[in-house]
Structure formats: C-alpha cells, structure tokens
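Engineer: Below: sequence and its predicted model.
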Amino acid sequence: MTKFTDLNLNAKVLKAIDEAGYESPTPIQAGAIPPALEGRDVLGIAQTGTGKTASFTLPMLSLLARGRARARMPRSLVLCPTRELAAQVAENFDTYSKHLKLTKALLIGGVSFKEQDKLIDKGVDVLIATPGRLLDHFERGKLILSDVKVMVVDEADRMLDMGFIPDIERIFGLTPFTRQTLFFSATMAPEIERITNTFLSNPERIEVARQATTSENIEQGVVMFKGSRKDREASEKRKLLRLLIDAEGEKCTNAIIFCNRKMDVDIVAKSLKKYGYDAAPIHGDLDQSQRTRTLEGFRGGELRFLVASDVAARGLDVPSVSHVFNFDVPSHAEDYVHRIGRTGRAGRDGKAIMICQPRDEKNFEDVERLVQKEIPRIENPLGKAKPAEETSDAPAKSDDKPKRTRSRSRKADKPVEAPAEGKQPQAEKAEAKVDAKTDDKAQPEKAEAAQDERKSGRGNKDEKKSRGGRGRGDKRGGNDNRVVGLGDHTPDFIGLSFRERI
Ligand code: AMP
C-alpha cells in the first residue's frame, strides 16, 4: 500500500499530515499527488468524502513551499462553488501548512472587500475564492492573476449546476496559459468535458469509484406520505417530520434536515423552532456571518438541527451527525448519497430517513436504482391519509345545523395540527400563518386543491346526503326518482307527482 512518505511531499507537509492522524493516502490522493507534484494537469473525478481536498492541497503546498508572493499577485488559486466549501478548503490549508510560512486569503461574498483587499495587497500564496467574488475583486482592479502558477477548480459539476461555468471560463482566460490546472468534479457532464478539453493540457485522469453505494453503517428508511388534502399537505408533512424526529428519541443527538428548495429550508426551520426544536436554517441566501455562526453552532454541538439545502451543505464535514432527514426526495439521485453521507462518518452508526410524496416517486425510483437496493419502508406515524373531513379537527358539523356545504369556512381551511406533547398550541397559529404565506406563492397548487376538492371528497358526501339519509325520495311517497341538476336547493314541489284531477 502507498504511504504518504512515498509521495515526494515536502517534509513539513508530511509532518502536518502525520499530526492530522492520517495513516495512508486515499485512492484519489495516491493517484493525484504524484502527477500534480510533477507539474502535470490533473483531472480528478471524485466526490466529497474521498479525501480530494488534500489531494490538491498537499501537492500545492509542497510546490509553493519555495518562493514568495508579490503584492496583488497570488501564486495559486482555488475556486469553489460555495462559501462554505471555500471556507472548508481554507481550513484544510491551515491544517496542512502549519509548519510552512505561506499566506492565504479567502475571497467569499458576505465579507467586506476592505479586509480582503488588505490581504491581497500584501501578497498571498494561496487565494481561495468563489468565482463571483473573485471577478468582483478583479474588476475593481485590485487583483492581478498573471502570476497564478497553479489553479484548482473544485466541485466543477456543482459550479455547472449553479451557473458558474461562464465565470470559470473567464477566470481561466485571465490566468497564464502556462499555469498548472487541477480540476475536480464528481461527474463528467458534457459541458464539464468541454471545459476540460479546452483548458486542461494532457491531464492525468484519476477516477475514484463513484459513490453510488451508501455506507453499510447507515440505516435507511423511507416514509410514503400523502397529505389528507392538498392545502394541508405542507403542514402535515412538517408534522410528520416532527413525529419522525420524536420517534428517534435520544438516539437523535443531532441531525441535518435536507430540503430541495431554499424557501422550504426557511419554513421548516421556522416551524421546528416554533414547536420547540432547536433548529436553524442554512442556505445560499442567508448572510455569511449567520451561515458561519449556524455552522459553528452545529459543529460545536450547541445547535441540534441544521435545516439545509444541498448547495449549502455540500461537502460539509461534521464528524458526528447521528441522523439525516430528507424532508424531500432529492431531484438528483446522487444528492441522496451525498446527503446521507453526512451521517455515519468515520465508522460511526448513522440513520437516514426520507419522506416521499406521490409526486417524488420518479425521483425515488432513481435513488433506489442508484443505490441498488430497496430502501426499507417505515410506517407513516400519521397513519394512512384520511379523507379531508376526518383529519380536520375543525368542529364537526351537526346535521341539524343549516348546511352550507358548498362554501367552505375559513376556519375549516386552516391547517390544524395536534401539537406534540408539551408543545405550545401557539405554534399552530404560526404554522397556519406560514402556510397561508406559502399558499400565496403557490397559487396554481391552491387552485388545483380547490378543483380537487370540488371533484372529490366533499362533493360526493354532499351528494350522498341528498340521496340517502334524509332521503327525499323516501319522504315523497317512495318516489326514488332523483331530481338532478338543482343541488340541495330543489324546491319541494318539484319532487311531487301530479295526478290529473278528474
Ligand atoms: P474531503 O473528501 O476532502 O472532503 O475529505 C473528507 C474527510 O476525509 C475530511 O475530514 C478529511 O480530513 C479526511 N481525510 C482526508 N485525507 C485523509 C486520509 N488520508 N486519511 C484519513 N482521513 C482523511
């Protein structure tokens, strides 16, 4: 087996690796480090969790150990899709460069330009940046990229998803043609292939096994969920999440809850908080200081539930996460593997529970196909989806009250959830407010719900009442001929039969 000492790395870097406790290089490190140290371009097809960050950081540090940076002219550049990832890469640099005298700057949004300018002015060996922020600095004339000797593009497929490819191409064009490029992507989409063909020169291609298999020590489960009614689905889904969390009890020391949309990240975090759960959101639209604070809180164990989007949580390295809840089935099957890989790290046990709605079924099939196994079904703690009338705990209508079955009262519309034990009913009101807000944004869904309702449940019930029960036909001398077309408001005389007077 390859050892780090076989890899020709700088002695001070080796010392830091030893202190980090790494015993041997991972496959991507064993494959990428030697060609990178020879100055060759590298195309690494590897995902997060494979040790890929060290596979470019270690050779870069060894190459940069000699030489000095000039003002405003960084000697190397690492591009990352998100601020969190950039910050994580910066942490890696700190760990591995602790015995070297190298300088670095982190250029990410949400941090003042002034401080970043100061660092760049002094001259940095390593510049770690998100593409947008880097170009902002460049356009302000504060940055010169003509001395970049090594350029790293990390998580290129995520850059593609986020629409950063034009920025990346532009940055490639601003760096010298002679630079060395280390390029990493989890997948090789045609657009990524095109970029590598254009900007990499005879790269050494290293592909580590696609992480299609999920770790054995992660227990997986899925709950099939269908709301009792379209307009209650969202709040019932959040209730289901709370029940699933509660069912895990103390085993759930902390968890990441993934949502597909940023808007849901906010709503779910807010809802959990209202019900007394220690939760906070993290996604790209939050300001940087808040994101950092949240992440640190979660890492440090002060925050129990991190509600996250894929982008924000991508590549996050928190060693002990007991649970992952997929509030939504991810739309890219590979994200499932990434998401649940946040738990069960470093040989620990982990549990991953997902909620699947009928509309997610296709994505769910993709997930099962990718992981090549059937994900065990968990019984829905909310019980089977019941007809709308039964799940609502709005006051039951009594038959002797005037029936206004066609016009729904606002009260019955309000999503009502039984609060979890010991949780304040106040939360319900807030929940309803949240739903009201989101419903506004989801007009088509609302209209669809109304349409569904007209077609199904209530309509049928009303029809039944008019047919049987009070039984107009019965009352009218055994005449079973129903009058169709006038609803409940048929004047009685219309049902009478007329006999000709003689
Ligand atoms: P990455 O794929 O870069 O996100 O790395 C995932 C995790 O693996 C990080 O926590 C690293 O500290 C850790 N790691 C990287 N290289 C090694 C190694 N050779 N041995 C053990 N752990 C490693």
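Structural biologist: Structure's in. What do you need?
Engineer: so how far is residue 51 from the residue lying closest to residue 116 once chain neighbours are set aside?
Structural biologist: Nearest non-adjacent residue to residue 116, counting by Cβ to Cβ, 6 or more residues apart in numbering: residue 107, 5.4 Å away. The way it works is simple: take the backbone N, C-alpha and C, and place the C-beta from them, glycine included. To residue 51, residue 107 is 25 Å away according to Cβ to Cβ, to the nearest Å.
Engineer: quick one, which of the two is more surrounded?
Structural biologist: Comparing residue 107 with residue 51 by neighbour count (other Cβ atoms under 10 Å), the higher total belongs to residue 107, at 29 against 18.
Engineer: and residue 121, what does it touch?
Structural biologist: 71, 72, 142 (Cβ atoms under 8 Å, 6 or more residues apart in numbering).
Engineer: So the first one sits against residue 123, correct?
Structural biologist: Same thing as residue 71. Yes - Residue 71 lies in contact with residue 123 (Cβ atoms under 8 Å); the separation is 4.7 Å.
Engineer: neighbour-wise, which of the two wins?
Structural biologist: A direct count of neighbours by other Cβ under 10 Å for residue 71 and residue 123 places residue 123 higher, at 17 against 10.
Engineer: surely residue 40 meets residue 180?
Structural biologist: Yes - contact criterion Cβ under 8 Å: residue 40 and residue 180 qualify, at 7.3 Å.
Engineer: who has more neighbours, these two?
Structural biologist: Set residue 40 next to residue 180 and count neighbours by other Cβ under 10 Å: residue 180 wins out with 23 against 17.
Engineer: Name the nearest residue to the residue of the stretch 201-350 of the chain found nearest the ligand, ignoring sequence neighbours.
Structural biologist: Per Cβ to the nearest ligand atom, residue 317 is where the stretch 201-350 of the chain lies closest to the ligand, at 4.5 Å. Leaving out its chain neighbours, the residue that sits closest to residue 317 by Cβ to Cβ, 6+ apart is residue 88, at 6.4 Å.
Engineer: that older thread, export the contacts of residue 121 as CSV, with columns for secondary structure and pLDDT.
Structural biologist: Putting the contacts of residue 121 into CSV (DSSP: H, G, I helix; E, B strand; the rest coil; pLDDT from 0 to 100) gives the following:
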residue, secondary structure, pLDDT
71, coil, 90
72, coil, 93
142, coil, 86
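Engineer: Now those in TSV, please, with extra columns for distance to the ligand.
Structural biologist: Formatted as TSV, the contacts of residue 121 follow (distance: Cβ to the nearest ligand atom, whole Å):
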residue	distance to the ligand
71	31
72	29
142	30
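Engineer: Residues of the stretch 401-502 of the chain that sit close to the ligand?
Structural biologist: By the rule Cβ under 6 Å from any ligand atom, no part of the stretch 401-502 of the chain lies against the ligand.
Engineer: What ranges does this structure have for its strands?
Structural biologist: Using DSSP state E, the strands assigned to the chain run over residues 42-45, 76-79, 104-107, 126-129, 150-153, 180-185, 204-207, 218-224, 255-258, 279-282, 305-308, 323-326, 350-356, 377-378.
Engineer: I'd like those strands written out as JSON lines, with mean pLDDT and distance to the ligand added.
Structural biologist: Rendered in JSON lines, the data for the strands of the chain read as follows (pLDDT from 0 to 100; distance: least, Cβ to the nearest ligand atom, whole Å):
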{"stretch": "strand 42-45", "mean pLDDT": "96", "distance to the ligand": "10"}
{"stretch": "strand 76-79", "mean pLDDT": "98", "distance to the ligand": "12"}
{"stretch": "strand 104-107", "mean pLDDT": "95", "distance to the ligand": "17"}
{"stretch": "strand 126-129", "mean pLDDT": "97", "distance to the ligand": "14"}
{"stretch": "strand 150-153", "mean pLDDT": "98", "distance to the ligand": "12"}
{"stretch": "strand 180-185", "mean pLDDT": "97", "distance to the ligand": "10"}
{"stretch": "strand 204-207", "mean pLDDT": "94", "distance to the ligand": "13"}
{"stretch": "strand 218-224", "mean pLDDT": "94", "distance to the ligand": "16"}
{"stretch": "strand 255-258", "mean pLDDT": "96", "distance to the ligand": "15"}
{"stretch": "strand 279-282", "mean pLDDT": "95", "distance to the ligand": "17"}
{"stretch": "strand 305-308", "mean pLDDT": "96", "distance to the ligand": "16"}
{"stretch": "strand 323-326", "mean pLDDT": "96", "distance to the ligand": "16"}
{"stretch": "strand 350-356", "mean pLDDT": "95", "distance to the ligand": "15"}
{"stretch": "strand 377-378", "mean pLDDT": "94", "distance to the ligand": "29"}
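Engineer: Generate JSON lines for these, with distance to residue 117 as supplementary columns.
Structural biologist: Formatted as JSON lines, the strands of the chain follow (distance: least, Cβ to Cβ, whole Å):
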{"stretch": "strand 42-45", "distance to residue 117": "31"}
{"stretch": "strand 76-79", "distance to residue 117": "17"}
{"stretch": "strand 104-107", "distance to residue 117": "9"}
{"stretch": "strand 126-129", "distance to residue 117": "12"}
{"stretch": "strand 150-153", "distance to residue 117": "21"}
{"stretch": "strand 180-185", "distance to residue 117": "26"}
{"stretch": "strand 204-207", "distance to residue 117": "36"}
{"stretch": "strand 218-224", "distance to residue 117": "44"}
{"stretch": "strand 255-258", "distance to residue 117": "35"}
{"stretch": "strand 279-282", "distance to residue 117": "27"}
{"stretch": "strand 305-308", "distance to residue 117": "31"}
{"stretch": "strand 323-326", "distance to residue 117": "39"}
{"stretch": "strand 350-356", "distance to residue 117": "43"}
{"stretch": "strand 377-378", "distance to residue 117": "53"}
